[in-house]
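*Asks:* here is the input, now give the coordinates:
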Amino acid sequence: METQTVHKIFRCGMMSLVLVAFMATISVASLDSRTYIVHMDESKMKTSNPSRANSKEMFEEMLALISQLSTDSEATPPPRLLYAYDTAIFGFAAKLSPMHLESIRNMDAFVAAIPDRSMRLHTTHSYQFLGLEQGRGLWQASNLESDVIIGVIDSGIWPEHPSFHDYGFGPVPTKWKGACESGTNFSSLNCNRKLIGARYFFKGYEAEHGRVNQAANFKSPRATDGHGTHCASTAGGNLVHNASFYGLANGVAAGMRYTSRIAVYKVCWEAPASCISSDIIAAIDQAIKDGVDVVSISIGFGQAFPYFEDPIAHAAFAGIQRGIFFSLSAGNEGPRTVGNTAPWLMTVAASYTDRSFPTIVKLGNGQIFEGISLYSGKSLKELPIVYGPIAGKKFAQYCVPGTLSPKLVKGKVVVCEQIGGFDTYQQAEYVKLVGGAGTIIFPDKGEIPTAYPSMFPAASVGDLAGNAILSYLKSTKSPTASLTFKGTTYGKRAPMMAAFSSRGPNLVGPDLLKPDLTAPGVNILAAWPSISSPSGEEGDKRRVMFNLLSGTSMACPHVSGLAALLISRHREWSPAAVKSAMMTTAYNLDNRGSPIKDVYQGGPATPFVIGSGHVDIQKASDPGLLYDINPYEYLHYLCSLNYSPSQIALFDRNFTCPKKTTMQPGDLNYPSFAVPFKSDDVTITYRRTVTNIGNPPVGTYEVQVEEPIGISVRVKPNILSFKMHGQKLQYKVSFTVKKPLIESDDSSFGSLTWVSEKYAVRSPIVITYI
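*Replies:* Prediction:
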């Protein structure tokens, strides 16, 4: 009866704002209430409330009425509206009791309610490694003049950094509708013609964790954590000469599209560290209204969710419908599975460049190994080395506080095994604290370690070196080692896939390959706030202008900036076209001419790790053919997944799946092929359409196929002849299992490439058995 009463009052427009002021004072400590992102049917809401054009007022009044009519009002705080969304999605985020939520669920206009979730944050040389050169190619003045706006959704920005100076920039683009919001230690004067917008979103965070800890955060767009500053400068930071980390990686720092305008949206906060999905949705909603061209999000859940449960996928789809490109990090959970897997998102893995910071580890028996270190002090002469029981108590091999004995390690090099939740910087600092002279650390993932900003003689080595060092320790009573720090070197084998980079298969949709491609994400130098130490640790009193970080968080803004370059050259391209251009021109051989290596497995990187390959921006600017996708095709793809009408409404409120659909999930016009075989499948056939944008426009392409093991591949037609620019041609590709069947837990890989005299348009093939 209560719900029916609400409906009647609601439809009659008898709504009140009496509880709005009260709701702002409600404690967030209720055990029964939690935050939900609620999708509503816009047309039904507005039909019921024709006098209310403002969605925020509409939702406030609706929640106030629900609160008035709830019987548990004394035991449970009234619902509290956090955000009203009207662009990325139509709905709101609110803190609701189970009874409040149930009342909303029973309304005619209700579509879905998704629990709010916490998410995690997932260059002087990298632009050179990518082939970008001042005054040439995509860095010609003519391609850098047009205004492209990159929106960075992250942990804020340090606006005074020279990477965000606006020297030489013209007026702010007239299309820009954003703002520079004031807050703690931040005002509109902190924005300029380079950093044209800055906003911050915290209501979801406060609903989850209580008030923002202002001892650890600026309640404003200003950063305390350096992650957002680093990512923003990687994507679009201005040119800065003589950038380095204590002399390492010295050179000119530049964002991939360094003349881009930047808008930042702060959604991540410290103490406790968290990025809440309702805040991120609010940031996407606002970025779309503000007029960005590219959105860069180096944040993830740490796991993949079905698209209908993924609020980032919902909000980003609205941006895709408006022609905005979305680049997201694949995740740092390798070898576990990739996140941010919706097909309209560019999902970016992380790899090494050819730059390194080598440390030579020489053992007393003459064995020599190469590690890596960001320590820039003097080398260590030959000293005794200790490990495990001869260094301290139980678990001393992990070098965590309380395990090492000062008497046993003083003046010696301590060997440590890396352990999850405790990074090498912390291990090295502990060794220093108890009197050690230096440390050698084994990584917990892969053969090639990443570098950490140590203030102490510390070298990270790979598994092979680590095992050799342990064998040496067992072979002698007086083991010794020396450490020689070599600074910055170039020309290492590269790219190689980082062990931490999350990988496929795509658990949400086995018919879709993720990640999409890889980009530089290891030991990336970029801007850093002067308030934060390079390690992020309280005891680290150093301050730097540039810092070296690793993660798919670093790879993502590379692709965001590269997408901005392509957009400035090809304004007519859709987000899917930009994706296609980068994916089909990506390369799979390293600078030695060998297949790109997966550091974790030790062998060649499969498409589950590398996607289509490593981005090659010069080739991407002229790809020959495009696999384009319009937003309605994505919706038909969701229909092929048997999504219900209410699930489809999460992406488009005005779209209805056809009663009979002939599309299968694998028919989405994606630039890669993921083919899941069930036990009774013999042949699976997919359809694709390619658009000719080659120069010259008249040309013939012949297919070349590298067949996956155990699979026969047939393409019809096997020759495509184009007569004009923009012409579209279709083809079918059939995958047939050969006898005998491959074991069900195997996967096999291949490729399909359309080759002309000038172009090679490549798509990876992944075969799985489910």
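*Asks:* where do the helices sit along the stretch 601-750 of the chain?
*Replies:* Ranges of helices in the stretch 601-750 of the chain, per DSSP state H, counting those that start in this stretch, are 607-610, 617-620, 631-640, 645-649.
*Asks:* for the first one, the averaged confidence score.
*Replies:* Helix 607-610 comes out with an average pLDDT of 97.
*Asks:* which stretches of the stretch 101-250 of the chain form helices?
*Replies:* When assigned using DSSP H, counting those that start in this stretch, the helices of the stretch 101-250 of the chain occupy the ranges 126-129, 141-144, 203-209, 227-236.
*Asks:* which of those helices sits most buried?
*Replies:* helix 227-236 (a mean of 32; mean count of other CB atoms under 10 Å). The way it works is simple: take the backbone N, C-alpha and C, and place the C-beta from them, glycine included.
*Asks:* can you give the distance of that one from its chain's centre?
*Replies:* The chain centre lies 13 Å from the centre of helix 227-236; the measure is CA atoms, centre = their mean, to the nearest Å.
*Asks:* elements contacting that helix?
*Replies:* Judged by 3 or more CB pairs under 8 Å, 6 or more residues apart in numbering; DSSP states H and E, helix 227-236 is in contact with strand 149-154, strand 261-266, strand 294-297, strand 524-527, strand 546-549, helix 552-569.
*Asks:* nearest to residue 404, of the ones you listed?
*Replies:* strand 546-549 (27.0 Å; CB to CB).
*Asks:* and that closest one, how far out from the chain middle?
*Replies:* Offset of strand 546-549 from its chain centre (CA atoms, centre = their mean): 18 Å.
*Asks:* now do stretch 80-94
*Replies:* Its chain's C-alpha centre and that of stretch 80-94 lie 24 Å apart, by CA atoms, centre = their mean.
*Asks:* where does the stretch 201-350 of the chain dip in pLDDT?
*Replies:* For the stretch 201-350 of the chain, no stretch has pLDDT under 70.
*Asks:* so which residues of it form strands?
*Replies:* In the stretch 201-350 of the chain, the strands defined using DSSP state E, counting those that start in this stretch lie at 240-245, 248-253, 261-266, 268-269, 274-276, 294-297, 299-300, 325-329, 346-351.
*Asks:* who does the fourth one pair up with?
*Replies:* Each strand pairing with strand 268-269, determined using DSSP bridges, is listed with its direction: strand 274-276 (antiparallel).
*Asks:* which residues does the partner strand contact?
*Replies:* Residues from elsewhere that reach strand 274-276, judged by CB atoms under 8 Å, 6 or more residues apart in numbering: 35, 116-121, 155, 204-205, 207-209, 267-269, 299.
*Asks:* do that again at 10 Å, thanks
*Replies:* Strand 274-276 has contacts (CB atoms under 10 Å, 6 or more residues apart in numbering) with 35, 82, 93, 116-122, 153-155, 201-209, 227, 266-269, 282-283, 297-301.
*Asks:* can I assume residue 414 sits in a helix?
*Replies:* No - according to DSSP: H, G, I helix; E, B strand; the rest coil, the state of residue 414 is strand, so it is not within a helix.
*Asks:* against residue 443, how distant is it?
*Replies:* Distance check for residue 414 against residue 443: by CB to CB, to the nearest Å, it reads 16 Å.
*Asks:* between those two, point out the one with more neighbours.
*Replies:* When residue 414 and residue 443 are compared for neighbours, residue 414 comes out ahead with 30 against 22, by other CB atoms under 10 Å.
*Asks:* now do the contacts for the more buried one.
*Replies:* 385-388, 391-392, 396-397, 399, 404, 408, 427-428, 430-432, 434-441, 458.
*Asks:* may I have the beta-bridge partners of the most centrally placed residue in the chain?
*Replies:* Closest to where the C-alpha atoms of the chain average out (CA atoms, centre = their mean) is residue 329, at 1.5 Å. For residue 329, the beta-bridge partners are residue 348 (DSSP bridges).
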